[in-house]
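Engineer: Predicted model follows, preceded by the sequence.
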Amino acid sequence: MHDFTSMTEVINHVEAVTILDLMDSITTLDEKFMVALIEPPAGLYLHGSIEPFIDFSKRYYLRSDHGHEEKFIRELFSEGIDYRATLASFKQDILNERGDVAVSHRDLVTKAKFINTTPSVPVSALKAAIAVVEQSLTSFCWHSKRSHPQYRLEYLVKPEYRDMVVNDEIVDAFTPIQKKLMDFIGDDQMHIYFTKVKGTNMVIEKAIDWRIYKYYEMTFKAQEENQE
């Protein structure tokens, strides 16, 4: 039995880690699967990224203009623009509509030359691999949740190819990476798992057994109640 002194220690406890190579999982996909996947979102991508840091379907603001809806950065949506030069000319952070930093001024200066409107990796195929891994993980390990719920096969496949999702054809195409996942899980189905995507790798963390988690949750709760 573990000897934890707080729920923070329980939550942060990691027993094992594995890294799944997403690029390796899509190299053997048949062309019919690649054709079935949607086009990546239009936007600006950094090399190796599966998400655009600037999504052309959304609005962005210079930090000094955020809060003034009409002052969104129109230059980002002009045809024929030199995106690298335009971004490099900005002297402050770019924020999204929520006010979060979409790209910092420092990154604009240091990474502008790596920006492209075409992703350097097969975005939708990589997202499909993530979707399959998390679908398998949460189906087999009931106490784990998807870390990337936005990546679901039904969202990544063109409408005319939805039968491939219903019939599990796409899931079956990712059998090798699912086998690696199951080998990592082993007999630890009751453990809690977390996933992270770093570049084109997927990091799987095997955390604590759910039963031990619940034991400490009740123990620490009882201790708090006794102290009141």
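Structural biologist: Received the coordinates, thanks.

Engineer: which residues does the residue nearest to residue 119 when sequence neighbours are not counted contact?
Structural biologist: Leaving aside its sequence neighbours, residue 119 sits nearest to residue 45 (CB to CB, 6 or more residues apart in numbering; 4.6 Å). In this view, the C-beta of every residue, glycine as well, is placed from N, C-alpha and C. By CB atoms under 8 Å, 6 or more residues apart in numbering, the contact set of residue 45 is 51, 52, 53, 115, 116, 117, 118, 119, 120.

Engineer: Now do the SS call for residue 45.
Structural biologist: strand (DSSP: H, G, I helix; E, B strand; the rest coil).

Engineer: Can you name the residues bridging to it?
Structural biologist: With DSSP bridges as the criterion, the beta-bridge partners of residue 45 are residue 116.

Engineer: That one and residue 54, how far apart?
Structural biologist: Distance from residue 45 to residue 54, counting by CB to CB, to the nearest Å: 9 Å.

Engineer: pLDDT weak spots in the chain?
Structural biologist: Within the chain, the stretches with pLDDT under 70 are 1, 67, 69-70, 75-79, 228.

Engineer: quick one, helices of it?
Structural biologist: For the chain, the helices defined by DSSP state H occupy 7-12, 22-26, 31-36, 83-89, 105-111, 123-140, 153-156, 163-166, 169-173, 175-185, 210-227.

Engineer: what's the residue lying closest to residue 165 once chain neighbours are set aside in contact with, if anything?
Structural biologist: Nearest-residue entry for residue 165: residue 153, 4.7 Å, with adjacent residues in sequence omitted and distances by CB to CB, 6+ apart. Counting by CB under 8 Å, 6+ apart, residue 153 touches 128, 131, 132, 135, 165, 170, 171.

Engineer: need those in TSV with distance to residue 215 and neighbour count, can you?
Structural biologist: What follows is those, written out as TSV (distance: CB to CB, whole Å; neighbours: other CB atoms under 10 Å):
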residue	distance to residue 215	neighbour count
128	38	31
131	33	25
132	33	24
135	29	17
165	39	19
170	39	23
171	35	17
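
Engineer: just those residues now: which is nearest residue 193?
Structural biologist: residue 135 (12.8 Å; CB to CB).

Engineer: so the closest one touches residue 168, yeah?
Structural biologist: No. Counting by CB atoms under 8 Å, residue 168 is not a contact partner of residue 135; they are 10.2 Å apart.

Engineer: so what's residue 131 closest to, chain neighbours aside?
Structural biologist: That would be residue 151: by CB to CB, 6+ apart, it lies 4.4 Å from residue 131.

Engineer: what's the burial count for the one you found?
Structural biologist: 22 (other CB atoms under 10 Å).

Engineer: Return the distance of it relative to residue 11.
Structural biologist: Residue 151 sits 24 Å away from residue 11, taking CB to CB as the criterion.

Engineer: do the same with residue 174
Structural biologist: Residue 174 is 30 Å from residue 11, by CB to CB.

Engineer: neighbour count winner among these two?
Structural biologist: residue 174 (25 against 14).

Engineer: The more buried one: what's it in contact with?
Structural biologist: 25, 128, 129, 132, 133.

Engineer: and with 10 Å instead?
Structural biologist: 22, 25-26, 28-29, 33, 125, 128-129, 131-133, 135-136, 153, 181 (CB atoms under 10 Å, 6 or more residues apart in numbering).

Engineer: Equivalent analysis for residue 72, please.
Structural biologist: 58, 59, 60, 61, 62, 65, 66, 97.

Engineer: which among the residues you listed gets closest to residue 73?
Structural biologist: Closest to residue 73, out of all of the contacts of residue 72 and judged by CB to CB, is residue 60, at 5.2 Å.
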